[in-house]
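> Kindly generate the corresponding structure for this input.
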Amino acid sequence: MHDIEAAAELLGGVGVAKREIEDAVTGLLTAFGEDVDRQGLEETPSRVARMYDELLAGYRVDPYELINEALFDVEYSDMVIVKNIEFYSLCEHHLIPFLGRAHVAYIPSKKIIGLSKIPRVVDLFSRRLQVQERMTRQIADFLEAVLNPMGVAVVVEGWHLCATMRGVKKANAIMVTSALCGTFHKNSKTRQEFLDHISRPGPEFSI
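Numbers count the residues shown, from 1 in each chain. Next comes the predicted model:
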């Protein structure tokens with residue numbers, strides 16, 4: 001089971017209102033001029049309800065529970081970076097996906113966080129109706145609150161289907177957002193070190 005879904009169950013999350021979503025999807029299909037009883041669409045309302053239950057699981061998770069006490073006292077004060085964290089989210093303006101990569105860094109002040117928790121935090125905030133700017137800031141603000149570090153930096157690169165499939169129709173446009181806290185905001189050398197690290201191609205691993 002996915003980590004976020006497991007955490008939602010732990011917290012007693014009840015999920016989305018599936019019956020209401022099924023009724024709404026049935027209404028949409030009818031408005032599109034479709035026959036909701038034809039073979040290919042018979043189960044579509046139910047499938048869509050289950051899909052949204054998964055894609056919006058971030059609403060049901062307490063991020064502090066997700067951390068699950070994975071904070072450790074360590075005498076380490078150099079930069080920690082987790083880059084190329086893939087994410088998938090839904091644009092709140094059109095309910096169309098946007099997806100991409102997040103790069104997260106922090107400089108500890110006596111506490112570090114378990115490695116797997118940073119991608120889970122990204123996952124948590126992305127699995128909501130979102131705009132990329134807010135999601136970037138939420139990730140940074142939460143890590144700053146939990147770790148009380150010397151600094152946090154988050155850069156998100158997103159490909160938005162609402163700009164690819166409709167409207168401006170620019171398939172290669174990538175949106176880049178950043179949130180810089182503490183020393184990343186104040187110290188240009190620290191900020192540049194982070195940017196240099198995330199721009200450098202990483203190793204390719206195979207198992």
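> Could you pull up the residues touching Glu42?
By Cβ atoms under 8 Å, 6 or more residues apart in numbering, the contact set of Glu42 is Val36. For the C-beta atoms, the positions are set from N, CA and C on the backbone; glycine is no exception.
> Give me the phi and psi for it.
phi -60, psi -40 (degrees, to the nearest 10).
> Need the phi and psi values for the residue nearest in space to the middle of the chain.
Centroid-nearest residue in the chain, with Cα atoms, centre = their mean: Ser126, separated by 2.5 Å. Ser126 adopts backbone torsions of phi -80, psi -30, taken as degrees, to the nearest 10.
> can you tell me which residues contact Arg191?
When contacts are counted by Cβ under 8 Å, 6+ apart, Arg191 touches 153, 180, 184-185.
> Next, the buried residues of the particular helix or strand that has it in it.
Using DSSP states H and E, Arg191 falls within helix 188-199. The neighbour-count check on helix 188-199 (16 or more other Cβ atoms under 10 Å) flags 190-191, 193-195, 198 as buried.
> repeat for stretch 56-72
56-58, 60-61, 63, 66-67.
> In JSON lines, list these along with distance to Glu20.
Output for those, formatted as JSON lines (distance: Cβ to Cβ, whole Å):
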{"residue": "Leu56", "distance to Glu20": "13"}
{"residue": "Ala57", "distance to Glu20": "17"}
{"residue": "Gly58", "distance to Glu20": "19"}
{"residue": "Arg60", "distance to Glu20": "16"}
{"residue": "Val61", "distance to Glu20": "21"}
{"residue": "Pro63", "distance to Glu20": "26"}
{"residue": "Leu66", "distance to Glu20": "27"}
{"residue": "Ile67", "distance to Glu20": "32"}
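> Now stretch 180-198: average pLDDT?
Stretch 180-198 carries an average pLDDT of 97.
> how far does that stretch stretch from start to finish?
End-to-end distance of stretch 180-198: 14 Å, with Cα to Cα, to the nearest Å as the criterion.
> ok, now stretch 166-181?
Stretch 166-181: ends 35 Å apart by Cα to Cα.
> can you pull out the helices in this protein?
Per DSSP state H, the chain carries helices over the ranges 3-10, 18-31, 44-55, 63-67, 117-126, 132-147, 161-164, 183-186, 188-199.
> looking at those, which is buried most?
With neighbours defined as mean count of other Cβ atoms under 10 Å, the helices of the chain peak in mean count at helix 117-126, which reaches a mean of 22.
> which helices and strands sit right next to that helix?
The contact analysis (3 or more Cβ pairs under 8 Å, 6 or more residues apart in numbering; DSSP states H and E) places helix 117-126 against helix 3-10, helix 63-67, strand 80-91, strand 97-107, helix 132-147.
> Of the ones you listed, which is nearest Tyr52?
When the helices and strands packed on helix 117-126 are compared for distance to Tyr52 using Cβ to Cβ, the nearest one is strand 80-91, at 8.6 Å.
> Run me through the strand neighbours of the closest one, direction for each.
Taking DSSP bridges as the criterion, strand 80-91 pairs within the sheet with strand 97-107 (antiparallel), strand 129-130 (parallel).
> Kindly reformat those as TSV containing mean pLDDT and distance to Arg137.
TSV is the format used below for the strands paired with strand 80-91 (pLDDT from 0 to 100; distance: least, Cβ to Cβ, whole Å):
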stretch	mean pLDDT	distance to Arg137
strand 97-107	98	12
strand 129-130	98	11
